[in-house]
Each structure stands twice: as C-alpha cells, then as structure tokens.
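S.K.: task: produce atomic coordinates for the following.
(one chain, ligands or ions: 1)
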Amino acid sequence: MTDLSALKAKYAEQIDTAPDLAALDAVRVAALGKKGEVSLQMRTLGQMSPEEKQVMGPALNGLKNEISDLVETRKIILEAEALNAALASETLDMSLPVKNETGTLHPVMQVMEEMAVIFADMGFAVAEGPDIEDDFHNFTALNFPPGHPARDMHDTFFLKPDADGNKMVLRTHTSPVQIRTMMNQKPPIRIIVPGRTYRCDSDQTHTPMFHQVEGLVIDKTTHMGHLKGCLMDFISTFFETDVETRFRPHHFPFTEPSAEMDVRYERVGDEIRIGQGDNWMEILGCGMVHPNVLKNCGLDPDEYQGFAFGMGVDRLAMLKYGMPDLRDMFASDQRWLGHYGFSPLLQANLATGLS
Ligand code: DAH
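M.R.: Model prediction:
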C-alpha cells in the first residue's frame, strides 16, 4: 500500500515552493491531472479487496481534496504577488513634467470640449450615434418622408445598396441621434451630440466631412422661451463676450416652429468680430420638436414637448479663433496645427476660462 502521508508531504512541499502560477499548475497536473500520481492511485482502487478499498477510497479522496485546497490557497497568494509586481513595475508618476510636448489639440476638438463644458453646466449630457446611418434615422423619422424635397438639399453620400436595395448613408447631420435617444430613453431628456457629419460638397466654406453639435431637450413643459434663453446664454459664454442675437423664422422638417439664430458682427480689416456691429450672421438652426418626430419615436405629443438645435462646429471654431479657410482644418498641415492647435494639458473649463 502506498504511503499517502509521504505523497501528501511531497506535494505540499512542491506547492509551497512553486515560484509562480505556471509552476504551481505543473505541480497540480503532476498530482491531480489525468495521468497524475494521485489519479493513477485512484485507478488502482478497482483491483483492491473490499476491505482495502474501504480504507483507501476515502483516504485517496481526502488526499485529492487536500492537495486541491493547497493548490487553491497557493494560487491566491501567487496571483496577489503577480498583481503587486505588475503594479510596482507599471507605475506612472502623473505629476512628472512632460518632456516633449509636441502634439496639440485640434481646434475642432477644443471647440467641442468648450461646448460640452458650457452645456454640461446647464445640465446637458453628451450622446453619440453612428456615422453610418440608415434612411429611417437620418431622414424618415425626422419627418422627411420618401420623396421630400428637403432630402435632396442634403447632398447625401450613399453606400452601396444591400440585397434588398436599401442604401445606408453617411449621416448628413447629427439629428438622427435625436431619434436614437428618444427611442431608447424616457424623458426628461437633455443631451448634446457632438460628431462628424458628411455631405458631398467642397469649397472655401464647405468640406465633405464636417462637425456638428446637436441639442435636444424633451420634457412636459419646455417652450420656445427656454430654447431662446438657452441658446443666447450659450453663444455669449462661447464667444466670451456679450453677443446680440436674433431669431429668424425658418423651416426644418423636424421642428415646428423653426428658426435660425443670427449673431451681430462687424468686420475690422480682415477680421470678423462677433458680438456687436451692423451685420447679422447665421449661426445655427433650431426649433420646437415636430409632433410627428415625437410620434415616430413613440412619444405622445400631447404629453411631451421640447426643443432641438444644430450648429456647425468648424465654422464656430473659425469665427472664434480667426481661421480664414475651412479646408485648412482637415489638411493635416503640421505648421497650421502648430499655429492654431491648443495645449492638450489645458482643459477648457468655466472657472478659469474656456480657451
Ligand atoms: N440638422 C440641421 C442641419 O444639419 C440642423 C438643425 C436645425 C438641427 C434645426 C436641429 C434643429 O436640431 O432644430 O441642417
């Protein structure tokens, strides 16, 4: 009969001195694996006499459990040691000064951060959606029925049709995220949506890819006065000066009534100064969310209402930071980025200034 206590002592010693998890597993396999020493012993039970079996059966089972417990205990210790070693060797001192700060934050990113900070202060959360959209979210649900003339105004990029002839699109605006949000979230809703948008258009003031920030507020009592107050506050905070605004009636399929917000500006030499002056410049589109849009998202227009707005980020960046040509923004020219870029270490915030 095998001396089980010797076996136990042998494996206990090996488990105890296993230097790492791999070595520990090798010991486990040598003892308890299919062809392990203890497993082989258990296979001999069949040839034993009933009396012998009565003694050896429980003894071998006990040994197996004991070794397995020892392995588990040692495993916990080795895992903790491995984690501590990783933590010790992978520390990073965040307070060390940066040696080569060559990268800069692109003005579009800077301006999106600034907008997020301003709207966060008013209680807006940030939402996102996919750049590749289906027709339903980009158009139909936003009250552009098939064949609606406003669809053609979007210079849409279409993807190749699928087997059923359905064409996905590169989203032409951030408004489809309004739909995604209203279909997935119960009001009250208060979100902004910064993101990329695409239209087949290119000149000094248009690029095929550009950026928008969308806004959406839905609850039971929000009205046009809230819309105006929110956007007037936003624009003065953004330009860091008093900005006089006016709201001009307009048309968008997804809002009723709809408006465009203009800001006063003056031209001083080559420079455009936003805030005061004799000229008006259109800055954004907005309106009260159309009852059809609410219905398309499963919301009852007799219960819920709210406003939406959308604005071009790139143009606001150009106006705030004085860049003459929109196309330069996406030319990846290091000299331009070095000149107009922002320090990645300075976060926009309302307390110490946005820019
Ligand atoms: N989606 C519009 C566009 O790209 C912009 C817009 C206008 C968004 C009015 C809105 C809105 O949410 O209410 O032309």
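
S.K.: every contact and neighbour count from this point should use C-alpha atoms.
M.R.: Will do.

S.K.: how far is stretch 133-141 from where the chain is centred?
M.R.: 21 Å (C-alpha atoms, centre = their mean, to the nearest Å).

S.K.: quick one: buried residues of the top strand by length along the chain?
M.R.: Using DSSP state E to assign secondary structure, the strand with the most residues in the chain is strand 255-268. Buried residues in strand 255-268, counted by 16 or more other C-alpha atoms under 10 Å: 255-266.

S.K.: equivalent analysis for stretch 290-300, please.
M.R.: 290-294, 296-297, 299.

S.K.: return the member of these nearest to the ligand.
M.R.: Using C-alpha to the nearest ligand atom, residue 290 is the member of those that sits closest to the ligand, with 9.2 Å.

S.K.: need the contact list for the closest one.
M.R.: 253-257 (C-alpha atoms under 8 Å, 6 or more residues apart in numbering).

S.K.: equivalent analysis for residue 324, please.
M.R.: Counted by C-alpha under 8 Å, 6+ apart, residue 324 has contacts residue 318.

S.K.: same question for residue 41.
M.R.: residue 60 are the contacts of residue 41 under C-alpha under 8 Å, 6+ apart.

S.K.: quick check: it vs residue 60, distance?
M.R.: 8 Å (C-alpha to C-alpha, to the nearest Å).

S.K.: what's opposite residue 195 in the beta bridge?
M.R.: residue 212 (DSSP bridges).

S.K.: one step back: can you list the buried residues of strand 255-268 in a markdown table and add distance to the ligand and pLDDT?
M.R.: Shown next, in a markdown table, are the buried residues of strand 255-268 (distance: C-alpha to the nearest ligand atom, whole Å; pLDDT from 0 to 100):
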| residue | distance to the ligand | pLDDT |
| --- | --- | --- |
| 255 | 6 | 98 |
| 256 | 9 | 98 |
| 257 | 9 | 98 |
| 258 | 7 | 98 |
| 259 | 7 | 98 |
| 260 | 8 | 98 |
| 261 | 10 | 97 |
| 262 | 13 | 96 |
| 263 | 16 | 96 |
| 264 | 20 | 95 |
| 265 | 21 | 95 |
| 266 | 25 | 94 |
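
S.K.: relative to residue 19, which of the residues you listed is nearest.
M.R.: residue 255 (68.4 Å; C-alpha to C-alpha).

S.K.: isn't the closest one right next to residue 289, touching?
M.R.: Yes - counting by C-alpha atoms under 8 Å, residue 255 touches residue 289, with 4.5 Å between them.

S.K.: just the ones of the buried residues of stretch 290-300 in helices?
M.R.: 291-294, 296 (DSSP state H).

S.K.: what subset of these is also close to the ligand?
M.R.: Of the residues in these, proximity to the ligand by C-alpha under 6 Å from any ligand atom holds for none.

S.K.: burial measure for residue 355, as a count.
M.R.: When neighbours are defined as other C-alpha atoms under 10 Å, residue 355 has 18 of them.

S.K.: so it makes contact with residue 344?
M.R.: No - Residue 355 lies out of contact with residue 344 (C-alpha under 8 Å); the separation is 11.6 Å.

S.K.: in stretch 56-70, what's buried?
M.R.: 56-57, 60, 63-64, 67.
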